[in-house]
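Asks: Need coordinates for the following:
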Amino acid sequence: MPKIKSPRKPRARSKKTPVPRLTAQEIIKLLGPSYGPFEHARRLDPAEEVVFTILSQHTSDTNSERAFHRLMEEFGSLEAVAQGDVERIAQAVNIGGLARIKAPRIKRVLNLILEKQGNLNLTFLAEMPLKEAKAWLRELPGIGPKSAAVILCFSLGMPAMAVDTHVHRVSKRLGLIGPKVNADNAHDILEAMVEPQEVYPFHVALITHGRRVCKAPRPRCAECVLAFGCPSRDLFLAPAKTA
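Replies: Numbers count the residues shown, from 1 in each chain. The predicted structure is shown next:
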């Protein structure tokens with residue numbers, strides 16, 4: 001791949017200036033020096049990741065981590081959580097927000113897994129085709145496309161593309177997905193753009209860029225190494241001066 005250079009301080013283009021479209025591979029390469037190396041680090045075992053993912057919904061990473069640790073400190077194991085009182089679970093995870101919704105959901109999900117499998121070992125998902133593993137998880141209450149992808153990617157190292165608000169926003173601004181494509185549909189579209197071994201780097205590159213540079217509502221286009229190939233940058237930059 002030829003080396004791609006971006007202007008230091010991009011300005012809005014004239015209407016006649018063509019916009020080069022970046023590929024997923026080029027995006028990974030360009031963002032690598034800033035956010036890499038993109039080394040896959042597994043976080044929790046799959047059942048723990050299921051619970052952590054539920055706790056992370058509609059809250060910050062910090063609060064969801066605290067809620068998970070408090071839950072485990074209170075009960076000691078997920079098996080104990082499954083048998084625990086909902087009110088006690090809610091008190092343990094209260095710091096994560098929406099405890100009255102998340103506590104019964106966690107208990108229900110854990111008991112559904114126990115009913116299906118007889119235990120809370122979900123490592124068998126890694127042996128399934130990706131599509132089937134996603135479908136299995138999505139049968140659990142509160143586990144949608146994003147949550148299923150997070151569990152499979154971060155816990156089992158499977159090539160599932162997790163699309164959160166940052167990934168969705170950056171992908172749309174870069175023209176990787178259409179303006180009307182929602183986050184749920186974006187998972188399969190973005191996943192298909194790269195080889196399986198590139199899914200994790202692609203996810204980390206986009207989510208980190210969304211958090212640090214391509215923010216909502218004010219992206220820092222003047223600092224963006226992708227600005228030269230971003231079809232949306234002119235929406236946020238002052239128009240170029242004409243002679």
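Asks: For D184, which non-adjacent residue is spatially closest?
Replies: P145 (4.9 Å; CB to CB, 6 or more residues apart in numbering). To be clear about C-beta, it is placed using only N, CA and C from the backbone, and glycine gets the same treatment.
Asks: The closest residue to K172 other than its chain neighbours: what secondary structure?
Replies: Using CB to CB, 6+ apart and skipping residues adjacent in sequence, the residue nearest K172 is P179, 6.3 Å away. Assigned by DSSP: H, G, I helix; E, B strand; the rest coil, the conformation of P179 is coil.
Asks: Over to N111?
Replies: At N111 the chain is in helix, as set by three-state DSSP.
Asks: Just confirm it contacts A82, I think it does.
Replies: Yes. N111 is in contact with A82 according to CB atoms under 8 Å; the separation is 5.3 Å.
Asks: more neighbours, the two?
Replies: More crowded of N111 and A82, by other CB atoms under 10 Å: A82, with 20 against 13.
Asks: How about the more buried one: what's its closest non-neighbour residue?
Replies: Computed as CB to CB, 6+ apart, the closest residue to A82 that is not its neighbour in sequence is L110, at 3.9 Å.
Asks: The one you found: what's it in contact with?
Replies: For L110, the contact set (CB atoms under 8 Å, 6 or more residues apart in numbering) comprises 47, 51, 78, 81-82, 120.
Asks: Take the residues you listed and lay them out in TSV including distance to C214 and secondary structure.
Replies: Output for the contacts of L110, formatted as TSV (distance: CB to CB, whole Å; DSSP: H, G, I helix; E, B strand; the rest coil):
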residue	distance to C214	secondary structure
A47	34	helix
V51	30	helix
L78	36	helix
V81	37	helix
A82	40	helix
L120	38	coil
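Asks: Whichever of the residues you listed end up buried, select them in ChimeraX.
Replies: Here is the ChimeraX selection string for the buried members of the contacts of L110, based on 16 or more other CB atoms under 10 Å:
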select :47,51,78,81,82,120
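Asks: Between the contacts of L110, which sits nearest I27?
Replies: Among those, V51 lies closest to I27 (CB to CB), at 32.2 Å.
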